[in-house]
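Asks: show me the folded form of this:
(one chain, ligands or ions: 1)
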Amino acid sequence: MSKADRLREIMDEEGDAVHANTQSFNRGRYDSVADLEDYEALKEEARTIKEDAIERLPELIDRLEETVEGNGGTLYLADDVADANRYIREVVGEESAKTVVKSKSMTSEELDVNDALATDGHEVVETDLGEWVLQVADEAPSHIVAPAIHKSREAIAELLNEHFDSDEPLETAEELTTFARETLGERISEADVGMTGANFIAADTGTMALVTSEGNARKSIAATDTHVAIAGVEKVIPSIEDLQPFVELIGRSGTGQDITSYISLLTPPVKTPTINFNDDETPLSALDDDDREFHLVLIDNGRMAMRNDDDLRETLYCIRCSACSNVCANFQQVGGHAFGGETYSGGIATGWEAGVEGTDVAGEFNDLCTGCSRCVDACPVKIDIPWINTVVRDRVNRGKAGKIDFLVDGLTPDDEAGNPPLQKRLFGNFETVAKLGSALAPLSNWLADTTVSKRMMDRFLGIDARRDLPEFKRETLTEWCTDRDSTIQNPRRQAVLYPDLYTNHVQIERGKAAIRVLETLGVDVVVPTAPSSGRAPLSQGMVETARDHAERVADSLDPFIEEGRDIVVIEPSDLAMFEREYEQLLDLATQERLADESYEIMEYVFGLLENGADAAALCEGAGEHVAYHSHCQQRTLGLEGHTVAVLEHCGFDVWTSDVECCGMAGSFGYKSDYYDVSMAAGDELRRQFHEKDTQNRTVVASGTSCLEQLDSLLERHPTHPIELLVD
Ligand code: SF4
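Replies: Residues are numbered from 1 along each chain as shown. Have a look, this model is predicted:
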């Protein structure tokens, strides 16, 4: 089955449930974090604790070992999956346990511990509702927090009715949960060993925080006299006091709850008597410290190597809240069965799978991350998830060789030491394609649009024939500007309009509009020849090529900064390169200088108007109704509001979509493998732009990809907002 077919099949079967549930979690997150007094400060605090904890990890593990043993338990540090399972099998075997009850733990999924124990004849019963449903269905989790998110209530009812052959068919949510509660309650009461994960473990006290929706972890521990906790080494934090920001953030970030239903803080072995569920008279045993046995199994399994890997290290800060999955436009369509590896799913899964399973496993789904960066804002520990995906993509490229790649080896204009597949090389070298496209226009456009060409590109390059390709303009923006003298006397400001690839070769009207608006507001504008930002190669995981672009862009713009000019950028994804990704590609001083002097075009216009420029000189909106979609990376940079403010200032009536990402995302929507995912992600945008209040509005969008996607989704032709301001 092709990748496109597999994705289509998953979307058909699971897409609706995944979409509805992740969107609901995501909306809940926005509402919940809005109530926090200082969300950003809380995130910063959480990040600082994790940075410190990972830095001091070996020392904290030693401290925790002393603490756990002082408390009467045992800590076992397992090198890998086999080592962990061997130890757990020994413990459970010594207890002669028939039944092990287990609460939800992704680390235990990493170990496949259920299968390991089953080989010795132990029955492991999942006690988390979602995990239990999946155990009955014999399926893998599709989400790191809500494992059965892909299943509707109807599907769960059908499954349980069939499996348990109930007299009265279960139907409502209440009937289903009551049945699960009774069934699982019985299984917990007869169990010998309780197995849990651990969300956080404080080294100073040995206290574990367990975050659950159903209280099943606490019950499984209380009801059994042997407790085995399984956790990755990264779960250790220095002190019990460090728990506070995580407790505030984890539920809000994941499921949008101000606080998760159950947050159990336990310092095992717990000092409570065990419960005999069959003894109504004296259900609690006499309190005896020896009643309780506790084993903490800390797993390395690649994590210590991740700690020493500058690019993967951040993954270890992850608190597995799932915000990055819920906010992700592609995850919302396909869920974790497609956007995930052996154990972990969503954007951060690339880091986890690369670290614990290897690059090849991560490479299977890594391309579903488009680098839109919406997860960066959502992550409570501020992990640069897109960068991790980019680095892993680069590593995957280095290990790959396509069938006909030898034909282009050494002939491509990139700096890649590795061997990216032909399709990635083509998209990564889009600057060269655009230069050729403009030089040969209109022939190049005609040729690319023929049925034969489209079929060939689909077959050999994986470019979906249903997409319209960009139409290159013969005269580029920089050429148009060559013979043009600035008309501004006594300029208010001096600026450089950065000729991004699309504005220069394809959408030059928005470039001309930008120049006219800036000049109308008294700005002296120059448009130099400058290299493309490197966004195209970076999106394909061609990091060295992107670095070369970044260095050349910095060199070419630096003299203008030196003479006091502001850098104005139309394409938000290029501004995001300057502000975010160049941090990884340039020395800090160079990056900061460029980022500090750069502005998104509407942000710049906003600044001019705020500082006295005359809005009356611009086009009068006269109440024209506008529907606006801001670019994902523009939103991550916090620049969406400027466009709305400027348009409203000029008299437009603006409605704004709340879609996280249009689904096009540069080359992603062009690829045959992902065309359907891209269109499905765009569907929400289509729906929003067809509402009663939006269907007749003028459509504007800031990003090239958004404009292309909206053009394919709507009958109305979208434009960049700057074009509305030209009188
Ligand atoms: S990467 Fe961040 S947002 Fe994603 S699961 Fe981890 S902590 Fe949550």
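
Asks: on the three-state scheme, the residue in the stretch 1-150 of the chain that the ligand sits nearest to is what?
Replies: Relative to the ligand, the nearest point of the stretch 1-150 of the chain is residue 144 (6.4 Å; C-beta to the nearest ligand atom). Bear in mind the C-beta positions are built from the backbone N, C-alpha and C, glycine included. For residue 144, the assignment made with DSSP: H, G, I helix; E, B strand; the rest coil gives coil.

Asks: what of the one 5 residues further on?
Replies: At residue 149 the chain is in coil, as set by three-state DSSP.

Asks: for the chain, which residues are neighbours of the ligand?
Replies: Within the chain, the positions near the ligand by C-beta under 6 Å from any ligand atom are 253, 318-324, 348, 378-381, 383, 385.

Asks: quick one: which of the residues you listed sit in strands?
Replies: Within these, no residue falls in strands by DSSP state E.

Asks: show me what contacts the residue of the stretch 1-150 of the chain closest to the ligand?
Replies: With contact taken as C-beta atoms under 8 Å, 6 or more residues apart in numbering, residue 144 is in contact with 106, 320, 322, 325, 336, 344, 345, 346.

Asks: number of residues surrounding the first one?
Replies: Summarising burial for residue 106: neighbours were counted as other C-beta atoms under 10 Å, giving 18.

Asks: quick one: it and residue 62, what's the gap?
Replies: The spacing between residue 106 and residue 62, counted by C-beta to C-beta, to the nearest Å, is 25 Å.

Asks: quick one on the thing from earlier: neighbour-wise, which one of the contacts of residue 144 leads?
Replies: That'd be residue 325 among those, by other C-beta under 10 Å, with 33 neighbours.

Asks: contact partners for that residue?
Replies: Residue 325 neighbours (C-beta under 8 Å, 6+ apart): 22, 143, 144, 331, 336, 339, 345, 346, 347.

Asks: would JSON lines of those residues with pLDDT be doable?
Replies: Converted to JSON lines, the contacts of residue 325 look like this (pLDDT from 0 to 100):
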{"residue": "22", "pLDDT": "97"}
{"residue": "143", "pLDDT": "96"}
{"residue": "144", "pLDDT": "95"}
{"residue": "331", "pLDDT": "97"}
{"residue": "336", "pLDDT": "97"}
{"residue": "339", "pLDDT": "97"}
{"residue": "345", "pLDDT": "96"}
{"residue": "346", "pLDDT": "95"}
{"residue": "347", "pLDDT": "93"}
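
Asks: which of those residues sits closest to residue 6?
Replies: Here the nearest of the contacts of residue 325 to residue 6, counting by C-beta to C-beta, is residue 339; it sits at 12.0 Å.

Asks: mind listing what the closest one touches?
Replies: By C-beta under 8 Å, 6+ apart, the neighbours of residue 339 are 325, 328, 330, 331, 345, 346, 349, 365, 368.

Asks: repeat the analysis, applying 10 Å as the threshold.
Replies: Residue 339 makes contact with 7, 10, 18, 142-143, 325, 328, 330-333, 345-347, 349-350, 365-366, 368-369, 677, according to C-beta atoms under 10 Å, 6 or more residues apart in numbering.

Asks: how much space separates it from residue 389?
Replies: 11 Å.

Asks: hey, what's in contact with both of these two?
Replies: Residues touching both residue 339 and residue 389 (C-beta under 10 Å, 6+ apart) are 347, 349, 350, 365, 366, 368, 369.

Asks: for the residue lying closest to the fourth one once chain neighbours are set aside, give its distance to residue 106.
Replies: In this case it means residue 365. For residue 365, ignoring the flanking residues on the chain, the nearest one in space by C-beta to C-beta, 6 or more residues apart in numbering is residue 339 at 5.5 Å. According to C-beta to C-beta, residue 339 stands 15 Å off from residue 106.

Asks: next one: the residue in the stretch 501-650 of the chain that the ligand sits nearest to from residue 542, what distance?
Replies: For the stretch 501-650 of the chain, the residue closest to the ligand is residue 636, as judged by C-beta to the nearest ligand atom, at 13.5 Å. Relative to residue 542, residue 636 is positioned 22 Å away (C-beta to C-beta).

Asks: out of these two, which sits in the more crowded spot?
Replies: A count of neighbours by other C-beta under 10 Å puts residue 542 above the other of residue 636 and residue 542, at 29 against 22.

Asks: so what's that one up against?
Replies: Residue 542 touches 390, 393-394, 397, 412, 414-416, 418, 420, 424-425, 427-429, 534, 536, 548-549, counting by C-beta under 10 Å, 6+ apart.

Asks: from those residues, which land in helices?
Replies: Counting by DSSP state H, the contacts of residue 542 place 390, 393, 394, 397, 424, 425, 427, 428, 536, 548, 549 in helices.

Asks: any weak-confidence spans in the chain?
Replies: Where the chain drops to pLDDT under 70, the residues are 286-290, 400-415.

Asks: ok, now which residue in it is the farthest from the centroid?
Replies: residue 281 (53.0 Å; C-alpha atoms, centre = their mean).

Asks: secondary structure element holding that one?
Replies: Under the criterion DSSP states H and E, no helix or strand holds residue 281.

Asks: so what does it have for phi and psi?
Replies: phi -80, psi -50 (degrees, to the nearest 10).

Asks: now do the contacts for it.
Replies: By C-beta under 10 Å, 6+ apart, no residues touch residue 281.

Asks: that one and residue 212, how far apart?
Replies: From residue 281 to residue 212 the distance is 30 Å (C-beta to C-beta).

Asks: cool, residue 671 as well?
Replies: With C-beta to C-beta as the criterion, residue 671 and residue 212 are 39 Å apart.

Asks: now residue 673
Replies: 37 Å.

Asks: scan this structure for its longest helix.
Replies: helix 3-34.

Asks: which elements pack onto the one helix or strand residue 107 maps to?
Replies: If you go by DSSP H and E, residue 107 is part of helix 106-111. With contacts taken as 3 or more C-beta pairs under 10 Å, 6 or more residues apart in numbering; DSSP states H and E, helix 106-111 sits against helix 81-94, helix 113-118, strand 226-232, strand 293-299, helix 349-356.

Asks: picking that back up, so which of the residues of the chain next to the ligand sit within helices?
Replies: Filtering these for helices - DSSP H - leaves 253, 323, 324, 378, 385.

Asks: A helix includes residue 36, no?
Replies: No - read with three-state DSSP, residue 36 is coil and lies in no helix.

Asks: identify the residues contacting it.
Replies: Contacts of residue 36 by C-beta under 10 Å, 6+ apart are 42, 43, 248, 249, 252, 258.
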